[in-house]
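In: Using only what follows, build the 3D model:
(one chain, ligands or ions: 1)
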Amino acid sequence: MPDSEPQVLSSYGVESQTTDLPSQPCVMVIFGASGDLTKRLLVPAIYNLACDGLLSDNFVLFGYARSELTTETFRAQMNEDIKKFHTRQKFDQDVWDKLVSRFYYMFGECDDLTYFEKLKIEVANLGAKYKTNGNVLFYFAMAPRFFGPLCDNLYKSGFRESEGWRRIIVEKPFGTDLESALKLNREVLAHWDENQIYRVDHYLGKETVQNLLAFRFSNGIFEPLWNKNYIDNIQFNVSEEVDVGARGGYYDSSGVLRDMMQNHMFQMLAYLCMEQPGSFEPDAIRNEKAKLLQAVRVYTPEEVQRYVVRGQYGPQVDETGTVIKAGYRQEKDVPSESRTETYAAARFHIDNWRWEGTPIYLRSGKALWKRGTEVVVEFKKPPQALFRGTPVPQLHANRLIFHVQPYQGIEVQFQAKVPGPTLQLQPVNMRFSYAEAFKASRYTGYEVMLYSCSHGDATLFSRGDLVEAAWRVAQPLLDYWEATPAENFPNYARGSWGPKEASNLVERDGRRWFEVVTADLLKRVALFQDGDMLFLSQVIQALRPRMAEAGEMIIRKGEIGREMYLLARGEVEVLDDSGKVMKILKDGDFFGEVALLMSTPRMANVRTRTSCDLFVLNKVDFNRILHDHPQFAQGVMEVAKERYSVK
Ligand code: BG6
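Out: Modelled structure (predicted):
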């Protein structure tokens, strides 16, 4: 690692000492130290480093903010907060006591040089007392409008000239559009060098994101396939179950494109699609990331209209129309006419040799049905013609799925022959799970960033040109949306899979979003509640998602039944010949099973009453699962008997 000097092991956390060197000695000055980030993430991360023997004995934390605290009251506050926010199973009081005794505080303004002169003296004194070799790490945990003045004042007060290293970690968001990002870059680079600036993207601190790179370049079997010739499409999905909560004020001026896509998702995209770097040196990796982002097509307004979908969540209502949970426009600090997007889905093009023509789909949203971040690499299918004359109705694509969170692992999906005398196939998977392979990590993601910054390793931080390249891609979307405000907001219900337009976007290309369904999600449906793992995993592999708008006819009487449906969310109505509603089915219900069970034509029409999120199980899979799991057959039969008087 650059700059690393041989160091004795840390005397913190001797029980869980690793063979890695501790962080380098330094005074870490946090600007905005009385805010949320310090207590929720930074201090717990520093404490984790200490517990694991990864924090230098010569580390000092110096808090700086406008709140009129003293070192004593700051420490007292941190003593309270750490109990709430530490992530260890067991709290180590000794480690904490030693650590907090090196916390100091000073209050001051960001735009008043006199405070900085005082700060300089304090930092120099602490540096001498704790032998930090003159190293100072500045952490800007403040709004971006302060970054420029902070950089200026640090420079003017003479911090740059002192001995040791000086590094600046800048929190997100780095700009709100291309112009502001360019301006910020100019401001922070006016007196400081690019290699002193560490722009945070906390996704890069996630082990599963870092592993995208490790996976790609440390394994030989995938690289030959990693291009447009073998990969059909790639999907990046970040679903959040949480809504905007108390952050309405911030969020309304941001939206999901700025909040998630331009930063976190483009970082994952770059890791997954970039060329191999010449080495694992930070700049070798960042050069390739920048090249990749520069190859993403910058859309014209027509292309934005064609390839990008936006959404905003509306309220969740019960069957009587009563609001159970508010929609986005009713959230605190959000204007009642807000046009801010809380969801976006897009198809991007990477115009380079490796990826030309391969669709790259991204989608993310708040207040969705589940939390899950996944990257799905879908390979091209083999020719179906080979299976002519066999009972195999269709071939599924092979998929490589990176589960980033909350489940952490990697999965390869392929087809296997179902044991038996005829040739039947079932999708199956090979799975690597972090929980089974490694000791559970208790990290928040900030540990590794602080640690590597102290060693001068910028791999996990964004570089100025990278940030600008990402804004260049995002800017036409922002411009188009500003020029043509959404007319149809809100356009997805809270707790749903998102707006139907998002599924149309990929269906138009003859593809589908891949929904990662877990056993826990399936168990929300009564029929699957007591299912064992074998049964659930067979069902999971076989389900296909389908979104429907209100008023769509899903099943028509008299037709041959080829599928059964599980209603994940929404309401459908079962209609008789005259169009009279005989029954209304809701979340967790299923329908369409009778024609499959009895091999009879459809007995009724089924139409959606609201927009619906459905899982579809085709007949071949349905029959196989019935055959393998008699208890499932029994459950389905019981419902069918009761519902349609089937004998
Ligand atoms: C932040 C966004 O950067 O990332 C939040 O501002 C979002 O809106 C969060 O919820 C998601 O991070 P994670 O680590 O929970 O996926």
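
In: Please work out how many residues are found near the residue in the stretch 101-250 of the chain positioned nearest to the ligand.
Out: With CB to the nearest ligand atom as the measure, residue 240 is the residue of the stretch 101-250 of the chain nearest to the ligand, at 5.5 Å. To be clear about C-beta, it is placed using only N, CA and C from the backbone, and glycine gets the same treatment. Close neighbours of residue 240, defined as other CB atoms under 10 Å, add up to 19.

In: That one contacts residue 363, doesn't it?
Out: No - with contact defined as CB atoms under 8 Å, residue 240 does not reach residue 363; the gap is 11.4 Å.

In: Give me the nearest residue to the residue of the stretch 101-250 of the chain closest to the ligand, chain neighbours excluded.
Out: residue 366 (5.0 Å; CB to CB, 6 or more residues apart in numbering).

In: So the residue of the stretch 101-250 of the chain closest to the ligand versus residue 364, what's the distance?
Out: 7 Å (CB to CB, to the nearest Å).

In: same deal with residue 245?
Out: 16 Å.

In: likewise residue 637?
Out: For residue 637, the distance to residue 364 - CB to CB - is 41 Å.

In: next one: residue 586
Out: 28 Å.

In: Neighbour count: these two, which is higher?
Out: Set residue 586 next to residue 364 and count neighbours by other CB under 10 Å: residue 364 wins out with 24 against 15.

In: That one belongs to a strand?
Out: Yes - counting by DSSP: H, G, I helix; E, B strand; the rest coil, one finds residue 364 located in a strand.

In: Need the nearest residue in space to it, chain neighbours excluded.
Out: residue 238 (4.0 Å).

In: cool, residue 415 as well?
Out: With CB to CB, 6+ apart, the residue lying closest to residue 415 is residue 425, at 4.4 Å.

In: show me the contacts for that neighbour.
Out: By CB atoms under 8 Å, 6 or more residues apart in numbering, the contact list for residue 425 reads 392, 395, 415, 416, 417, 418.

In: Out of those, which comes closest to the ligand?
Out: residue 415 (32.1 Å).

In: count of residues packed around the closest one?
Out: 17.

In: All the helices of the stretch 501-647 of the chain, residue numbers only.
Out: Assigned by DSSP state H, counting those that start in this stretch, the stretch 501-647 of the chain shows helices spanning 519-522, 533-542, 594-598, 619-628, 630-644.

In: want to throw the ones you listed into JSON lines with mean neighbour count?
Out: Formatted as JSON lines, the helices of the stretch 501-647 of the chain follow (neighbours: other CB atoms under 10 Å):
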{"stretch": "helix 519-522", "mean neighbour count": "16"}
{"stretch": "helix 533-542", "mean neighbour count": "17"}
{"stretch": "helix 594-598", "mean neighbour count": "19"}
{"stretch": "helix 619-628", "mean neighbour count": "18"}
{"stretch": "helix 630-644", "mean neighbour count": "15"}
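
In: Of the ones you listed, which shows the lowest average pLDDT?
Out: Within the helices of the stretch 501-647 of the chain, confidence is poorest for helix 630-644, with a mean of 79 (mean pLDDT).

In: Residue 63 touches residue 103, doesn't it?
Out: Yes - if you go by CB under 8 Å, residue 63 and residue 103 touch, sitting 6.8 Å apart.

In: With neighbour numbers in mind, choose between those two.
Out: Counted by other CB under 10 Å, residue 63 and residue 103 do not tie: residue 63 has more neighbours, with 28 against 20.

In: if I pick that one, what's in contact with it?
Out: 30, 33, 34, 38, 69, 74, 103, 104, 105, 106.

In: Enumerate the beta-bridge partners assigned to it.
Out: Beta bridges link residue 63 to residue 30, residue 105, judged by DSSP bridges.

In: What separation is there between it and residue 143?
Out: For residue 63 relative to residue 143 (CB to CB), the value is 17 Å.

In: same thing with residue 307?
Out: 32 Å.

In: Give me the more crowded residue out of the two.
Out: residue 307 (18 against 13).

In: In this structure the more buried one contacts residue 505, no?
Out: Yes - applying CB under 8 Å, one finds residue 307 in contact with residue 505, separated by 7.4 Å.

In: Give the residues shared as contacts by the two.
Out: 346, 347.

In: tell me the contacts of the residue of the chain at minimum distance from the ligand?
Out: Closest to the ligand within the chain is residue 259: 4.7 Å, counting by CB to the nearest ligand atom. Residue 259 makes contact with 173, 251 under the criterion CB under 8 Å, 6+ apart.

In: so how far is residue 438 from it?
Out: 30 Å.

In: repeat for residue 13
Out: For residue 13 relative to residue 438 (CB to CB), the value is 19 Å.

In: who's more crowded, these two?
Out: Between residue 13 and residue 438, counted using other CB under 10 Å, residue 13 has the larger neighbour count: 22 against 10.
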